[in-house]
Structures are given as C-alpha cells and as structure tokens.
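Asks: Sequence and predicted model, in that order:
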Amino acid sequence: MSAYDTLQLDVADYIATITIDRAPVNAQNNRFRDELVAVVDQLGDRDDVRAIIITGNGKAFSAGADLSERPTQDPGVYTAHNRRVRASFDCLLECPKPIIAAVNGAAIGAGCVTALCCDILVVSEKGFLQMTEVNVGLAGGVAHVRRHLGESDARLMIMTARRMYGADLFRMGVSSACPAPEDLMDTAMGIARDIAKASPSAVRAAKKSFQVTEGVSIYEGYRFEQTQTKALSTSDDSREAMAAFHEKRTPVFKP
C-alpha cells in the first residue's frame with residue numbers, strides 16, 4: 001500500500017515513477033502539494049534514484065487546482081496558500097535529479113505548470129497543456145509558460161486559454177516526443193533509462209548548470225559550467241569513465 005494519499009510511488013532500476021492519483025481528474029489539493037514536495041525532496045537524496053517520471057492516473061495528468069480548497073480572503077490565508085503552491089512547483093525545479101513529465105491527458109492550470117517545471121516533457125497524442133485562468137477571472141502561469149513557448153505562442157496560450165495538444169507541442173519544440181497514448185510510458189522510460197546509465201554526478205551537474213545559467217549571460221554561464229567540469233574531472237565517475245574508455249567496456253557508475 002502506498003504511503004501517500006494522493007500519489008503512487010514506484011522505484012526500480014534507478015528510476016522513480018510518481019503517479020498523481022486523485023480521481024477523477026487528479027486535481028491538486030493541499031494534501032497533494034505537501035506530499036509532492038515530500039516525495040520529490042526524498043527522491044532527490046536517494047542513491048537508488050537517478051531519474052524521475054511524473055504522470056497521471058486515468059485519463060488526466062492533472063486538471064488543475066482543487067477549487068473546493070480555494071483560499072479565503074482572511075488575513076494571511078492567501079499568502080500561505082501561494083507559498084504552498086510555489087513550493088509544489090519549486091521542488092521540481094530544484095530537485096537535483098532530472099524529472100520527466102509523461103503527460104497522458106489534460107494538464108490544465110496548476111497541472112500545466114507542474115509539467116512545465118519538469119526537465120523533459122513527453123506529451124501523448126491525447127495529452128494537452130492549457131491555462132484556463134482568463135476564463136475564470138484569474139491570472140497566472142506566464143513565467144513558466146514563457147520558459148517553454150515562443151513569445152507569440154505563450155501569449156496565445158495564456159490569453160485565449162487554448163489547448164495545446166501533443167502534436168503541436170512537439171512541432172513547437174516544447175515536448176521531446178508525441179507518442180501514441182499506449183506508448184507514452186515506454187517512451188518516458190526509454191529517456192529515463194538513458195539518464196540512469198549516465199554518470200550520476202555529471203547529470204546532477206548538468207541540471208545545476210541549467211538552473212544557474214538560465215538567468216545569467218553566456219559569459220557568466222559558461223564560466224560556471226567550466227567550474228563544474230573542473231570539479232568533475234577528479235571524481236570517481238570521471239575516473240571510471242576514462243578507465244572504461246581505455247578498456248573498451250561500458251562504464252559502471254556507483255551510487
């Protein structure tokens with residue numbers, strides 16, 4: 001039995017799979033947000049995990065926030081709510097392990113942002129991203145949408161609440177693949193396996209480089225990457241990779 005109420009967790013062969021599990025549409029409530037932060041933080045520290053997949057149970061990835069828990073206007077309530085929501089997104093951005101979003105269906109509002117906070121997106125032919133805030137008198141998600149979509153498409157998505165399906169997202173370079181629904185998890189697993197075979201320390205450094213260099217100049221960014229490379233050059237993973245190259249074998253990286 002899962003130790004969580006709103007999600008399922010499976011770990012095998014260095015790959016963790018988180019399945020959002022709140023029937024019928026995997027809406028995000030406070031319990032889910034707290035559990036997501038807890039499990040992602042835990043997986044980030046586990047030696048037996050090198051890649052993470054997030055998907056949804058049933059026909060939806062996540063249809064957004066659970067409106068039955070919409071915060072009141074009492075002093076401090078909305079501020080605390082916003083902090084909690086940010087934490088559920090930030091844990092994905094800050095996790096040292098790569099995270100793959102396997103979008104199986106609707107990813108709306110908060111569900112869309114959850115997917116966009118992952119490192120790699122795989123959206124099935126029936127999957128779609130949508131920000132519906134303008135239709136319900138709210139606003140949000142611009143910062144995360146803008147990271148992935150071109151300026152015109154980002155504004156189109158936000159200002160019209162239009163659905164962006166897997167084929168369009170693949171064409172736009174937002175997702176890395178657009179498999180048939182029945183092939184979604186195999187596609188995501190294939191990417192995760194490739195990550196799991198690589199040097200864990202190098203993969204962590206690569207994700208750190210993406211995090212750090214996003215908001216700095218190319219000059220500053222590349223200098224940071226060079227410091228990463230220098231530090232890695234004396235690591236156990238680097239020594240094993242060099243030995244494997246000379247011995248013409250596949251490297252075996254330790255946790």
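Replies: Ah, there it is.
Asks: Go through whichever strand or helix holds Met242 and flag the buried ones.
Replies: Secondary structure here is read from DSSP states H and E; on that basis Met242 sits in helix 236-246. Judged by neighbour count (16 or more other CB atoms under 10 Å), helix 236-246 contains these buried residues: Asp237, Ser238, Ala241. Every residue, glycine included, has its C-beta placed from N, CA and C.
Asks: And for stretch 139-155?
Replies: If you call a residue buried by 16+ other CB under 10 Å, then stretch 139-155 has these buried ones: Gly140, Gly141, His144, Val145, Arg146, His148, Leu149, Asp153, Ala154.
Asks: can you list contacts of that stretch?
Replies: Judged by CB atoms under 8 Å, 6 or more residues apart in numbering, the contacts made with stretch 139-155 from elsewhere in the structure are 89, 109, 112-113, 116-117, 121, 131, 133, 157-158, 164, 172, 174, 214.
Asks: now do the same end-to-end measure for that stretch.
Replies: From its first residue to its last, stretch 139-155 covers 12 Å (CA to CA, to the nearest Å).
Asks: quick one: average pLDDT of that stretch?
Replies: In this model, stretch 139-155 has an average pLDDT of 93.
Asks: Strands along the chain, start to end?
Replies: When assigned using DSSP state E, the strands of the chain occupy the ranges 7-12, 15-20, 51-56, 60-62, 99-103, 106-108, 120-123, 128-130, 164-165.
Asks: which residues touch the fifth one?
Replies: With contacts defined as CB under 8 Å, 6+ apart, strand 99-103 is touched by 40, 51-56, 61, 92, 107, 114-124, 127-129, 166, 175, 184-185, 187-188, 191-192.
Asks: Pick out the residue closest to the middle of the protein.
Replies: Nearest to the mean C-alpha position of the chain, by CA atoms, centre = their mean, lies Cys118 at 1.7 Å.
Asks: Domains in the protein, by residue range?
Replies: Domain assignment of the chain by automatic domain parsing yields the ranges 7-197, 200-246.
Asks: from the middle of its chain, how far away would the longest one be?
Replies: Taking CA atoms, centre = their mean, to the nearest Å, one finds the center of domain 7-197 at 6 Å from the center of the full chain.
Asks: One more: stretch 243-255?
Replies: The chain centroid and the centroid of stretch 243-255 are separated by 29 Å under CA atoms, centre = their mean.
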